[in-house]
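[1] Output the structure for:
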Amino acid sequence: MKKKWMSIAAVLCIICVLAGCGEAPAVTNRSLYRMDVSKYVTLGEYDNINVSVEPAKVEQSQWDELLLAVYQSYVTAENGGIVDRAVEIGDTVIIDYEGRKDGIVFAGGTASNADLTIGSGSFIDGFEDGLIGVMPGSTVELNLTFPENYNEELAGQAVVFMVTVNYILPSEEDKMEDSVVAALGVPDVNTVEELRQYVYGYLYDNAEANYQYMVQNAIMEQLLNGSVIEELPETFVESYHDGIYNSLFNAASGYGMDVDTYVSLMGMTKEEYVNHYSLLQAKQDVLLQAIANRENLTVSDEELQTELEGEAAAAGITVEGLLGNYDREEYRNYVMSEKVMKYLMEKAEITEP
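    This next block holds a predicted model:
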């Protein structure tokens, strides 16, 4: 079971489709602009690419679910929590509990303000059933037995849980209250309706960002398929390894996994993943640089500085903090790739499936 309390930002981040806004690019190569990419790239058709991508949209169910999740994260026993009826199956309750074996508290058996949906089967047999009919504010004693296939210390052992039901979380059928929304502290969001529109705007922005991402992926896939790329220098491809690994590590950490477990879900080893995506990134970069060279697309010092200052201001950090371990020339390559992709998107014919 997880702790209930979290900020509105944390709740929203759970369903965020894209990550990395306001950060320096995860992977780039500062030597790219000095490279004679014409030795390695024969460009195919690129100024009238046809792609088919689903438009940005927000599903009603997604909207309702996120609205409820954000709202519930700020409910308390005193503000919005249900305290005037007994617990029923299907309720999500906020509880404190302490488990003891032979009168001694055992590891992992204690929590405060944990949320538990009755009927979910999240806890051992009898725990959830023992809370049905309990009034919020009450404490019950549950005499239970751990299953035989539990961990070695507790398997088959009799234990006692003291459980206090603090309150019941409102569900989608319950009326949301403006007083709970006001506690969020979001500027200009003080009512349920204002929160509903705030959540919609957040979801739509993410849907639009995902749409742009899918369009760019589709364009890049056609570029790769329609162009010829000779074998790239090994040292050039290897220069992407650290950036790819750092991105991999961050992605795995975001799911609470180590890197090896994360890549195993894709049927790959860590080395295979890094090698594969380093080569792919290198191919994409030389393709975009080749187009930049042909179309005379450049990034001036002034344009680079404007981009850096704008991104840093949006993230609330300094330019140095934005760059981190990257330097200005690496960021120039990133801005260049964005400029080339914008050019390709303006030229492309984008249709709905």
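[2] At which residues are the helices of the stretch 51-200 of the chain located?
    Remark: helices assigned in the stretch 51-200 of the chain by DSSP state H, counting those that start in this stretch are 60-72, 178-182, 192-226.
[3] Can you point out the buried residues in stretch 235-245?
    The neighbour-count criterion (16 or more other C-beta atoms under 10 Å) identifies 236-237, 239-240, 243-245 as the buried residues of stretch 235-245. In this view, the C-beta of every residue, glycine as well, is placed from N, C-alpha and C.
[4] Would you format the helices of the stretch 51-200 of the chain as JSON lines with mean pLDDT, distance to residue 312 and mean neighbour count included?
    Formatted as JSON lines, the helices of the stretch 51-200 of the chain follow (pLDDT from 0 to 100; distance: least, C-beta to C-beta, whole Å; neighbours: other C-beta atoms under 10 Å):
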{"stretch": "helix 60-72", "mean pLDDT": "93", "distance to residue 312": "28", "mean neighbour count": "16"}
{"stretch": "helix 178-182", "mean pLDDT": "92", "distance to residue 312": "32", "mean neighbour count": "17"}
{"stretch": "helix 192-226", "mean pLDDT": "95", "distance to residue 312": "20", "mean neighbour count": "16"}
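[5] from the buried residues of stretch 235-245, which is closest to residue 142?
    Of all those, residue 245 has the smallest distance to residue 142: 47.0 Å, by C-beta to C-beta.
[6] what's the closest non-adjacent residue to the closest one?
    Setting aside the residues directly before and after it, residue 245 is nearest to residue 274 in space (C-beta to C-beta, 6 or more residues apart in numbering), at 5.4 Å.
[7] just the angle between the one helix or strand the one you found maps to and helix 192-226, please?
    Take DSSP states H and E as the rule and residue 274 turns out to sit in helix 270-295. Between the axes of helix 270-295 and helix 192-226, defined by axes from the mean of the first three to the mean of the last three C-alpha atoms, to 10 degrees, the angle is 80 degrees.
[8] what's the next secondary structure element after helix 270-295?
    Once helix 270-295 ends, the next helix or strand along the chain (criterion: DSSP H and E) is helix 301-315.
[9] Return the list of helices and strands in contact with the helix or strand just after that next one.
    Toward the C-terminal end, the helix or strand that comes next after helix 301-315 (DSSP H and E) is helix 319-323. Counting contacts by 3 or more C-beta pairs under 8 Å, 6 or more residues apart in numbering; DSSP states H and E, helix 319-323 packs against helix 301-315.
[10] let's see 10 Å
    Based on contacts counted as 3 or more C-beta pairs under 10 Å, 6 or more residues apart in numbering; DSSP states H and E, the elements that helix 319-323 packs against are helix 301-315, helix 328-347.
[11] residues in contact with it?
    Contacts of helix 319-323 from elsewhere in the structure, counted by C-beta atoms under 10 Å, 6 or more residues apart in numbering, are 22-24, 305, 307-315, 317, 328, 330-331.
[12] got the buried residues for that helix?
    Neighbour counts over helix 319-323 (16+ other C-beta under 10 Å) mark 322-323 as buried.
[13] what's the distance between residue 133 and residue 160?
    19 Å (C-beta to C-beta, to the nearest Å).
[14] between these two, which one's more packed in?
    When neighbours are counted by other C-beta atoms under 10 Å, residue 133 and residue 160 differ, and residue 160 comes out ahead with 15 against 11.
[15] returning to what we had before: dump the helices and strands packed on helix 319-323 into TSV; add mean neighbour count, mean pLDDT and distance to residue 202 as well.
    Putting the helices and strands packed on helix 319-323 into TSV (neighbours: other C-beta atoms under 10 Å; pLDDT from 0 to 100; distance: least, C-beta to C-beta, whole Å) gives the following:
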stretch	mean neighbour count	mean pLDDT	distance to residue 202
helix 301-315	14	92	16
helix 328-347	18	90	23
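[16] for those, which one sits closest to residue 259?
    When these are compared for distance to residue 259 using C-beta to C-beta, the nearest one is helix 328-347, at 23.3 Å.
[17] Run through the residues that contact the nearest residue to residue 38 once chain neighbours are set aside.
    Computed as C-beta to C-beta, 6+ apart, the closest residue to residue 38 that is not its neighbour in sequence is residue 290, at 6.7 Å. If you count contacts by C-beta under 10 Å, 6+ apart, residue 290 has them with 35, 37-38, 40-43, 46, 223, 227, 229, 340.
[18] still on that earlier bit, wait, which of the buried residues of stretch 235-245 is closest to residue 182?
    Proximity of those to residue 182 (C-beta to C-beta) peaks at residue 243, which lies at 43.6 Å.
[19] Could you find the closest non-adjacent residue to residue 72?
    Leaving aside its chain neighbours, residue 72 sits nearest to residue 169 (5.0 Å; criterion: C-beta to C-beta, 6+ apart).
[20] ok so, going back, need the max-distance pair from the buried residues of stretch 235-245.
    Based on C-beta to C-beta, the longest span within the buried residues of stretch 235-245 runs between 236 and 245 and measures 16.7 Å.
[21] so what's the residue lying closest to residue 112 once chain neighbours are set aside scoring on pLDDT?
    Using C-beta to C-beta, 6+ apart and skipping the chain neighbours, the partner closest in space to residue 112 is residue 96 (4.8 Å). The score at residue 96 is 97. That number is its pLDDT.
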